[in-house]
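# Pasting a predicted model and its sequence here:
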Amino acid sequence: MSAILFLLVTAFAAQSNAITTNVCGVNWYYCPRDPGCLTYTMSVHSMEVHANDYTGSVEMDKLKIGNSITIQVSGVTTIEKVPVEGSYRIYGINGKNVATGILTDTLKINYNTTTLQYDFVMTVPFTLDSDNFVVASKWNEWTLDVFQQKSGSDEGMCVEFADNEYVQYEIAKPSPKFEDLCVDNGDGTFKNQTIAISEALQTLHTTDTKPACHAPKQPCDLKWDWCPRDPGCKTYTMDVASVETDIKGVTAIKAGDAFTVIVRGTTSMVSVPVAGSYRIYALNGGNVATGVLSDVLVIDKGTFVMTIPFVAASPCFDTTKNWFEFGIDVFQAKSGSDEGMCIEISNPTYNAYEMDQPSPPFVTDCDMTKGLPFPWVAAGVPEITHDVTCKFV
């Protein structure tokens, strides 16, 4: 590559501010039955969809009203410069406008001296609103429509984005058919020909091929610590040695997953208290499970094993921050009194957040390293984070 060509390519890449996909399960295709395809001048070669409110990946059908989205379309075009009167619109599933703007703010065109064609990159930010959803059917959809002339005329490209449920509905309904009226030649020109929208014909595409959506699944990574700033530590009778979580039938932790939590350690109790109970607290502080100790706790010669099944409900998560957390609180007497143990289990993101926060401090009110009974420390003792043995089963 010559120095001049390198500089041109570098400058174009910098101008276009490349984004990466983190929204999985997005199906995209040219707008079905669009007679305006005869004037299309933009062949889409690549599509990126990024949800700006999420640090990790997220499924399209988990997006919400108010989420900030950036889509970036790249490909080949027959137009040599951005039309000054050109515009774009984002439609909702009901056809109403969700966003609009001008092409000079969003479209970049560059002459590629290698292919002798004009490459384009279009970057469009917008915010999802209620018009993008049909809640009852769990559908999420939006459309990007590009116009080369004023007053929304001379269509240059139209692409629809939809989750799997909506696409299956489109495919299944007998009329109108899920088809395009033109075939993309790949060079910014389109042939007048009807073609079905399907993966087999390469007219239906998905973001599931993107790295964020098909990365190899790793063993789950969770941490545990004693419940921070818990004055009840003075009555604890259970010293935790290890925590294991077995998560059924999944490869990534999400709301609705069936957990079995196994806590082992030593105890000063000689038998399971008949009035004892436990509670599972969510990230937001509410209860997501409760039960009696006699169902989950075994004590033998100063050791204990506690085996708790529960379902990780949505209050255990804050997907916008990639947080997951729940707490296990044990009570030895009736009505949730005489605390015997309290621990919290979280993903590394939430654990790191807690450690980094100066207020409230991430401390225990007792020294949990001294053995039972744990001695009270007025100034608090810095928390120690432990690894959870976490398995998908």
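It's in.
# surely residue 30 meets residue 160?
Yes - counting by C-beta atoms under 8 Å, residue 30 touches residue 160, with 7.5 Å between them. Any C-beta I mention is one placed from the backbone N, CA and C, and that applies to glycine too.
# hang on, residue 213 is in a strand, isn't it?
No - secondary structure of residue 213 (DSSP: H, G, I helix; E, B strand; the rest coil): helix, not part of a strand.
# According to the record, where do the domains of the protein fall?
Following automatic domain parsing, one finds the domains of the chain at 3-214, 223-392.
# Would you reformat the ones you listed as TSV and include mean pLDDT and mean neighbour count?
Putting the domains of the chain into TSV (pLDDT from 0 to 100; neighbours: other C-beta atoms under 10 Å) gives the following:
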stretch	mean pLDDT	mean neighbour count
domain 3-214	91	17
domain 223-392	94	17
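# Tell me where the stretch 201-350 of the chain has helices.
211-214, 293-296, 348-356 (DSSP state H, counting those that start in this stretch).
# Tabulate those in TSV, adding columns for distance to residue 188.
Output for the helices of the stretch 201-350 of the chain, formatted as TSV (distance: least, C-beta to C-beta, whole Å):
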stretch	distance to residue 188
helix 211-214	28
helix 293-296	65
helix 348-356	43
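# contacting residues around the residue nearest to residue 138 when sequence neighbours are not counted?
Among residues not flanking residue 138 along the chain, residue 165 sits closest, at 5.4 Å (C-beta to C-beta, 6 or more residues apart in numbering). Applying C-beta atoms under 8 Å, 6 or more residues apart in numbering to residue 165 gives the contacts 61, 137-139.
# Show me what the spatially most central residue of the chain bridges to in the sheet.
For the chain, the residue nearest the mean C-alpha position is residue 58 (2.4 Å; C-alpha atoms, centre = their mean). Beta bridges link residue 58 to residue 23, judged by DSSP bridges.
# can you tell me which residues contact residue 384?
Counting by C-beta under 8 Å, 6+ apart, residue 384 makes contact with 225, 368-369.
# Residue 343 versus that one, what's the distance?
Look at residue 384 and residue 343: by C-beta to C-beta, to the nearest Å, they are 12 Å apart.
# what residues are shared contacts of the two?
Contact criterion C-beta under 8 Å, 6+ apart; residues shared by residue 384 and residue 343: residue 225.
# Which residue ranges of the stretch 1-150 of the chain form helices?
Applying DSSP H, counting those that start in this stretch to the stretch 1-150 of the chain gives helices spanning 3-16, 103-106.
# Can you tell me which helices and strands the last one packs against?
Same thing as helix 103-106. strand 87-91, strand 117-127 (3 or more C-beta pairs under 8 Å, 6 or more residues apart in numbering; DSSP states H and E).
# between these, which gets nearest to residue 145?
Counting by C-beta to C-beta, residue 145 lies closest to strand 87-91 out of those; the figure is 4.9 Å.
# What strands flank the closest one, and is each parallel or antiparallel?
Using DSSP bridges, strand 87-91 pairs in its sheet with strand 97-102 (antiparallel), strand 139-149 (antiparallel).
# can you tell me which of those comes nearest to residue 111?
Here strand 139-149 is closest among the strands paired with strand 87-91 (C-beta to C-beta), at 18.1 Å.
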